[in-house]
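Chemist: Structure for this input, please:
(2 chains)
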2 protein chains.
Amino acid sequence: MTTDRTRRFRRLELAAQLSREFSALSPGSRIPGGHVLAERLGAPYMTVVHALDELTLRGEIVRIPNKGSYTAEHRVRELFFLTPCPAAVYSYDTEVLDGVVREARRMGIRIRTVPVTQTNRLADIDWNSLGQLPDGAGVILNSLPDYCQVLGYLRERHCRIALLDSRSEGTSRRFAAELESFHRVVTPRGEAVIQALELFKAAGKNRVLLLHQGAHEDNPVRAAFRRGLADLGMPFSSKLELMIGNGYYSALGHLQTFLWQEYEFNAVLCATSASALACCDLFKRCKIRVPEDVAVIALNDAPVLETNDVAVTAVFWDPEAAGQELVKLLVARNPQPETVRLPVCVARRKSV
Amino acid sequence: MTTDRTRRFRRLELAAQLSREFSALSPGSRIPGGHVLAERLGAPYMTVVHALDELTLRGEIVRIPNKGSYTAEHRVRELFFLTPCPAAVYSYDTEVLDGVVREARRMGIRIRTVPVTQTNRLADIDWNSLGQLPDGAGVILNSLPDYCQVLGYLRERHCRIALLDSRSEGTSRRFAAELESFHRVVTPRGEAVIQALELFKAAGKNRVLLLHQGAHEDNPVRAAFRRGLADLGMPFSSKLELMIGNGYYSALGHLQTFLWQEYEFNAVLCATSASALACCDLFKRCKIRVPEDVAVIALNDAPVLETNDVAVTAVFWDPEAAGQELVKLLVARNPQPETVRLPVCVARRKSV
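Modeler: Residues are numbered from 1 along each chain as shown, chains lettered A, B, ... in the order given. Coordinates of the predicted model:
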C-alpha cells in the first residue's frame, strides 16, 4: 500500500536528512553519487535521486553535467515579500502570503514582509524600509503597477524578482521591458472567465451579467468577459456589466438597485465569492431560483460557497499555490527568468 | 520507514473503504469482527481496529459492548452553522468555519450556513432562515450571548447544539441552565493570557500594557489579565489597559496617542495580531527596541507575525482546530453533553 503520498513523504524526509548532512560541508564541496548515498543510507536509489532533485530545486546543491553535484556557494536563507502597506497583509496579500510562508517553512527559509509605504499612499514610498533589503535579495511582488516607482531601485540593488502577474494586456505592454527580467507566476484570470462562460453556455444560459470590481477599462476580467462572449457567440450588452464595491453588503446594494431596472439575464458571473453570496441571498428573497432561473458562478473560491443554501460553483486560481510557486522560483536561482502558469481550478457545485 | 503519518493515512484509507462497504448495508446491520475483516482485507488487525474506531467516532457505526458493531440507524449527513449575518462568514466566523468545513469534507458531511439575521441587528431575527432547520438538526454556534434569543426556538425544534465557548465567567453564570444541555468546545483564552504573562515575567518584563478589544468589564481577556498579574505578583495599573479598535490602523492610532502620555511599561500583550504588528511598527519608528526595551506577545497567530522584522511570539488557540472539534462532537451523537477544552498553542519567536 505504498501510495504517491507516502513516496513523496519519504523523499522529503530523506531530503531533510541529506540537507542537514550537506550543511556541515563547506560551500562548493563535492557530494557523493546517488548509488553511494543509497547504499550508505539503506534507501532505494530512486528515492535518493528524487531527494537530490528536491535539494537541487531548493538551490542547496548544484549539478554540473558530467562532473557531479556540489553544495551550493550561497544558499537562499531569506526572501522578502513587498506589500503596499502594513495592513495589506490582512486583505489584499493574505492568501498569497499564506502560500509563501507555508512553502518557505518547508524549505527552512525565513520570509520578511517589507511595506512599500506606511499609509498606502504611493507618493509616500518608505525608502527606509526598502533600504533594509540586502543587495541581490530575492523579492516577491504581488502586483506590478503599484510598485513601478520602486522597480528602478530594486534593479539598482541587483534584486532578483518574482512577480505574481495578474495584469491586463494593456499593463503588460506598458511594462514589457521590466517583465523580461522577472520570474513570473501568471494567473489564469482570463482563462477562468472563459471556462465559466462555457459552463453557462453548456447549461443553456446565454445572457450573462458580470459583477466586477475593476474601475478602469483595462480590467483583465472585463476584457476576458467581452472576448469570451464574442468567441462563444453569446450576446453582449454593456448594461450587463455592473461594478460592485468591496464586500457582501456593497454587492447586495448595487445588485438590488440593478434588479429594479429589469434587464434580462439568466446567469451571473461574480468576481468575488462575497458578491456571489449576495446574489444568491437576494435572488432567494425575490423568489428567483438558482440555478433554474439564474445560474451563478464565482471567480474566487471560499469554504462559504460550499456551505451556502445552493452550493455555489467556483472557477478560480489558487492564491496559496501562487505563493508557493513564487518561493520556488526564487529558490531555484535560475539566472534565466522563468514563467509558471497557474492552472484554472473548477469546484463544480449546484449553482449552474 | 513506516511513520506516524503513513500509519494515519493507511487507517483513513481503510476507513473510507469500509465506509463504502457498510453504506450498502441497511441501518442496524451487524458488522463482521476486526479479525474477520483483517483476514478478508489482508490488512493488519490493529489498522482495522483503528479504522473501525474512526467510523465509530464519525457515527457511521455503533458499538454495543459484548454484542458487536452495527451500522448506525441514522447517519449525520448535514450540519448547520449559525452565523450572526451573511457577511460574518468573512470576518468573525471565517477561521472557525474553515475548520468546520475541512472536518466535514473529510467525513462526507455537508455544512450549511444559516444567517440568524440579514443585517446583524439582533432585533431582526430571520425566522424564515431558521425555519429551514430540520427537527433535531445538529447546529454549531460560534457565540452564545448574540444568539440567546434563538436558543428557545432551537430547543423547541429538538436541535442538538455544539457551542464554541469563549465566554467570560459572568456570561457563563447567566447562561448556566442552557449550557448544561450543549456540547461545548471551550477556548483557553484565560490560560493563554496567563501563559503570556509568565513568558514576560521570565524575560524580566513586569510592567505589561494590555491592548484589548472588549468594551465591557466582563471581557474574559481583561479578567484573566488582572487575575494573572495578581497571581504572578506583577504590578497592575488601570492606565495600562488600552482599548483599541478593529484592525491595524486603529490600533496604531490609539497606541500613538497613548505613547504621548509616557506611562512606563516594558511589555505589551496584544489581543490581535494586527495590533501586535502596529506596536512593532510604531516602536521601530520611535527607536524603541523589541524585545530589549519592550517585549511583545500576540494572543492570535497569523503568518504575518512570522514575517515581521522582529518575528512576533504568539500565545493563542487554534480556531480551525476548534471548528474540527465542533463537528466531531455533533457527529459522535453522544446523548450526554460533552466538553472539549482546546489547548494553548505557543509560537515562540523573537519578540520576547
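Chemist: now what about whichever strand or helix holds residue A:16, what contacts it?
Modeler: Element membership for residue A:16 (DSSP states H and E) is helix A:4-23. Helix A:4-23 is contacted by residues A:29, A:31, A:37, A:41, A:43, A:47-48, A:50-52, A:54-55, A:58, A:60-61, A:71, A:106, A:108, B:1, B:3, B:5-6, B:9 when judged by Cβ atoms under 8 Å, 6 or more residues apart in numbering or on different chains. C-beta: built from backbone N, CA, C; applies to glycine.
Chemist: Just the buried subset of those, please.
Modeler: A:31, A:37, A:43, A:47-48, A:50-52, A:54-55, A:58, A:60-61, A:71, B:6, B:9 (16 or more other Cβ atoms under 10 Å in any protein chain shown).
Chemist: closest to residue B:93 among the residues you listed?
Modeler: residue B:9 (30.4 Å; Cβ to Cβ).
Chemist: any idea which helix or strand comes after the least confident helix or strand in chain A by mean pLDDT?
Modeler: Scoring the helices and strands of chain A by mean pLDDT, DSSP states H and E places helix A:169-174 at the bottom, with a mean of 70. As assigned by DSSP H and E, the chain's next helix or strand after helix A:169-174 is helix A:176-179.
Chemist: That next one - contacts with which helices or strands?
Modeler: Packing partners of helix A:176-179 (3 or more Cβ pairs under 8 Å, 6 or more residues apart in numbering or on different chains; DSSP states H and E): none among the helices and strands.
Chemist: count of neighbours near residue A:173?
Modeler: 10 (other Cβ atoms under 10 Å in any protein chain shown).
Chemist: Also residue A:301?
Modeler: 21.
Chemist: Please name the residues that touch it.
Modeler: Contacts of residue A:301 by Cβ under 8 Å, 6+ apart are A:273, A:314, A:316, A:318, A:345, A:347.
Chemist: Could you check the pLDDT of it?
Modeler: Among the per-residue scores, residue A:301 shows a pLDDT of 95.
Chemist: Please flag which of the contacts of helix A:4-23 sit within helices.
Modeler: A:37, A:41, A:47-48, A:50-52, A:54-55, A:106, B:5-6, B:9 (DSSP state H).
Chemist: Could you export those residues as a markdown table, including distance to residue A:239 and pLDDT?
Modeler: Putting these into a markdown table (distance: Cβ to Cβ, whole Å; pLDDT from 0 to 100) gives the following:
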| residue | distance to residue A:239 | pLDDT |
| --- | --- | --- |
| A:37 | 66 | 91 |
| A:41 | 67 | 87 |
| A:47 | 60 | 89 |
| A:48 | 63 | 91 |
| A:50 | 56 | 87 |
| A:51 | 58 | 89 |
| A:52 | 59 | 87 |
| A:54 | 53 | 81 |
| A:55 | 57 | 82 |
| A:106 | 49 | 88 |
| B:5 | 55 | 69 |
| B:6 | 58 | 76 |
| B:9 | 53 | 79 |
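Chemist: thinking again about what came up before, what's the closest of the buried ones among the contacts of helix A:4-23 to residue A:186?
Modeler: For those, the nearest to residue A:186 is residue A:58 (22.5 Å; Cβ to Cβ).
Chemist: gap between that closest one and residue A:37?
Modeler: Residue A:58 is 17 Å from residue A:37, where distance means Cβ to Cβ, to the nearest Å.
Chemist: what residues does the stretch 201-350 of chain A put near chain B?
Modeler: Applying Cβ under 8 Å from any Cβ of the partner chain, we find that the stretch 201-350 of chain A lies next to chain B at A:247-249, A:274, A:277-278, A:281, A:303-304, A:306-309, A:311.
Chemist: Filter the contacts of residue A:301 down to the buried ones and hand me the PyMOL line.
Modeler: Those of the contacts of residue A:301 that count as buried under 16+ other Cβ under 10 Å are selected in PyMOL with:
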select buried, chain A and resi 273+314+316+318
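Chemist: Now, the contacts of residue A:301 that are in strands?
Modeler: Residues of the contacts of residue A:301 located in strands (DSSP state E): A:314, A:316, A:345, A:347.
Chemist: would you turn those residues into TSV with pLDDT and distance to residue A:227?
Modeler: Output for the ones in strands among the contacts of residue A:301, formatted as TSV (pLDDT from 0 to 100; distance: Cβ to Cβ, whole Å):
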residue	pLDDT	distance to residue A:227
A:314	98	21
A:316	97	19
A:345	96	21
A:347	96	24
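Chemist: Can you spell out the domain ranges of chain A, please?
Modeler: By the assignment in automatic domain parsing, chain A contains the domains A:4-71, A:78-188+A:319-344, A:189-316.
Chemist: worst average pLDDT in those?
Modeler: Of all these, domain A:4-71 carries the lowest average pLDDT, namely a mean of 82.
Chemist: ok, which pair from the buried ones among the contacts of helix A:4-23 is furthest apart?
Modeler: Going by Cβ to Cβ, the pair spanning the buried ones among the contacts of helix A:4-23 furthest: A:71 and B:9, at 33.1 Å.
Chemist: now the helices for the stretch 201-350 of chain A?
Modeler: A:220-231, A:248-260, A:273-285, A:303-306, A:319-332 (DSSP state H, counting those that start in this stretch).
Chemist: Which of the ones you listed sits closest to residue B:87?
Modeler: Distance to residue B:87, taken as Cβ to Cβ, is lowest for helix A:248-260 among the helices of the stretch 201-350 of chain A, at 3.9 Å.
Chemist: Show the contacting residues for the closest residue to chain B within the stretch 251-352 of chain A.
Modeler: Using Cβ to the nearest Cβ, the single residue of the stretch 251-352 of chain A nearest to chain B is residue A:303, 3.9 Å away. Residues in contact with residue A:303 (Cβ under 8 Å, 6+ apart) are B:97, B:98, B:101, B:102.
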